[in-house]
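K.L.:
structure here, sequence nowhere to be found:
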């Protein structure tokens, strides 16, 4: 997968916005007001940060050397993922879970605004 595929996949989800709040290279994707994916556009190999269930995070890190605790983020919940060498389906599953976890943490009003948009 490349950055454009990941971006297109994420932007197809309800309520997703993109921005560069930290620098000109780190794309941040949010659902509502909360981040669910970060992607360093200029770095190779392509890497993303996603939120996953802590139990699944531990399994992923044991099974795949491309998946580690995310730098400068809560490593219990956030993973840094080098996309190269991982199956597309796994990357998409991690993105989906990240979106779902963050969406579920939004306020009732925030969720309703997204679902009704």
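P.N.:
Arrived safely, thanks for sending. Treat the numbers as computed from the prediction; the structure is a model and nothing was measured.
K.L.:
which residues touch the closest residue to residue 97 other than its chain neighbours?
P.N.:
Closest residue to residue 97 apart from its sequence neighbours, by Cβ to Cβ, 6 or more residues apart in numbering: residue 52 at 5.3 Å. Placement of C-beta: from N, CA and C, glycine included. By Cβ atoms under 8 Å, 6 or more residues apart in numbering, the residues touching residue 52 are 60, 77-79, 94, 97-98, 101.
K.L.:
quick one, helices of this structure?
P.N.:
Assigned by DSSP state H, the chain shows helices spanning 3-11, 54-63, 88-104, 108-115.
K.L.:
okay, those helices, which one's buried deepest?
P.N.:
A comparison of the helices of the chain by mean neighbour count, using mean count of other Cβ atoms under 10 Å, puts helix 88-104 on top with a mean of 17.
K.L.:
ends of stretch 67-76, how far apart?
P.N.:
Stretch 67-76 has an end-to-end distance of 13 Å (criterion: Cα to Cα, to the nearest Å).
K.L.:
what are the buried residues along it?
P.N.:
Neighbour-count burial for stretch 67-76, with 16 or more other Cβ atoms under 10 Å as criterion, is recorded at 67-70.
K.L.:
and these, which two are furthest apart?
P.N.:
Spatially, the most separated pair among these is 67 and 70, at 9.8 Å (Cβ to Cβ).
K.L.:
which residues do these two both contact?
P.N.:
79-80.
K.L.:
adding distance to residue 27 and mean pLDDT, write the helices of the chain out as TSV.
P.N.:
Putting the helices of the chain into TSV (distance: least, Cβ to Cβ, whole Å; pLDDT from 0 to 100) gives the following:
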stretch	distance to residue 27	mean pLDDT
helix 3-11	7	97
helix 54-63	22	96
helix 88-104	13	98
helix 108-115	20	95
